[in-house]
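In: give me the fold of what follows.
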Amino acid sequence: MDLLSLPRAVTASALALGTALRGARVFHPRGHASTGTVVVDGGGSWGARVLDEAGSHDVVVRVSRGAGLPEPLPDVVGLAIRFGGLGRDGGPLDVLVNTSGGPPGLRHLFLPEPLGRTFSSVLPYRTGSGRVVLLGARGEGTGTSWELLAASLTGGWARWGRLTLGPAVPDAQAETLRFLPTLGADDLRPVALLRAVRDRSYRESQALRR
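Out: Model prediction:
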């Protein structure tokens, strides 16, 4: 018996209904999409190719404010990165992180800027070697580049690469972007609870908005 099935269903349906009523995403309704480049340092031992193997990847990036509040009001900032072709079955690998706390324990919270200065995936991933890790990022002060980070649940953040933004994505293309963080890769998958809630809420919101 799955004791979490009801909480998953209720949470997912609430998110889907909110999305439909708002006519946009419940969270991160507006943002700016750009092309970008991720350069992986290499030499890591996390157990996931994208984190461990040196190389350069062309990516699509969306930077958004969580509640869509206008600046200068504080808001959670989201950073979504799409690696084309690195996900399961040759699909995209989408990594989503939000402003959060840096130390262990605080990394599971959504914190608005400027209180939250380190980005975190909030919920962990399991890698191909069985390690449970959080993914993160830290801005370099330019607004166009970030250090990409990973950490165990209790360990310190360690850099695995660097993200640099390129030209903006045309508005029409940006409007059709739908990041799917639950798909993951064969060796980098979000925990099961996140996958179940996000998958179901996405399906239901699409049905309600038709």
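In: element containing Glu147?
Out: strand 145-152 (DSSP states H and E).
In: buried stuff in that strand?
Out: Residues of strand 145-152 classed as buried by neighbour count (16 or more other Cβ atoms under 10 Å): 146-151. For every residue, glycine as well, the C-beta is placed using N, CA and C.
In: do the same with stretch 85-94
Out: Quick answer for stretch 85-94 (16+ other Cβ under 10 Å): 86-87, 92-94.
In: include distance to Gly36 when you put the residues you listed into CSV, please.
Out: Shown next, in CSV, are those (distance: Cβ to Cβ, whole Å):
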residue, distance to Gly36
Leu86, 14
Gly87, 17
Pro92, 14
Leu93, 14
Asp94, 13
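In: from these, which single one is nearest Pro72?
Out: Ranked by distance to Pro72 (Cβ to Cβ), these are led by Asp94 at 29.1 Å.
In: now do the contacts for the closest one.
Out: 80-83, 87, 179-181, 183 (Cβ atoms under 8 Å, 6 or more residues apart in numbering).
In: save these as a markdown table, and put in secondary structure too.
Out: Shown next, in a markdown table, are these (DSSP: H, G, I helix; E, B strand; the rest coil):
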| residue | secondary structure |
| --- | --- |
| Ala80 | strand |
| Ile81 | strand |
| Arg82 | strand |
| Phe83 | strand |
| Gly87 | coil |
| Phe179 | coil |
| Leu180 | coil |
| Pro181 | coil |
| Leu183 | coil |
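In: just the buried members of those?
Out: 80-83, 87, 179-181, 183.
In: pick the one among those residues closest to His57.
Out: Phe83 (5.4 Å).
In: can you give me the helices in the protein?
Out: 5-22, 49-52, 171-175, 192-209 (DSSP state H).
In: name the residues that touch the second one?
Out: When contacts are taken as Cβ under 8 Å, 6+ apart, the neighbours of helix 49-52 outside the stretch itself are 40, 42-46, 57, 83, 86, 93, 127, 150, 160-161, 185, 187-188.
In: please redo it, this time with the cut-off set to 6 Å
Out: 44, 46, 86, 150, 160 (Cβ atoms under 6 Å, 6 or more residues apart in numbering).
In: if we can go back for a sec, so which of the contacts of Asp94 is the closest to Glu71?
Out: Closest to Glu71, out of all of those and judged by Cβ to Cβ, is Ala80, at 19.0 Å.
In: quick one, what contacts the closest one?
Out: 62, 96, 179.
In: okay if I get the contacts of Asp94 as JSON lines plus pLDDT?
Out: Listed next are the contacts of Asp94 as JSON lines, based on pLDDT from 0 to 100:
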{"residue": "Ala80", "pLDDT": "97"}
{"residue": "Ile81", "pLDDT": "98"}
{"residue": "Arg82", "pLDDT": "98"}
{"residue": "Phe83", "pLDDT": "98"}
{"residue": "Gly87", "pLDDT": "96"}
{"residue": "Phe179", "pLDDT": "91"}
{"residue": "Leu180", "pLDDT": "87"}
{"residue": "Pro181", "pLDDT": "87"}
{"residue": "Leu183", "pLDDT": "88"}
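In: cheers, nothing more for now.
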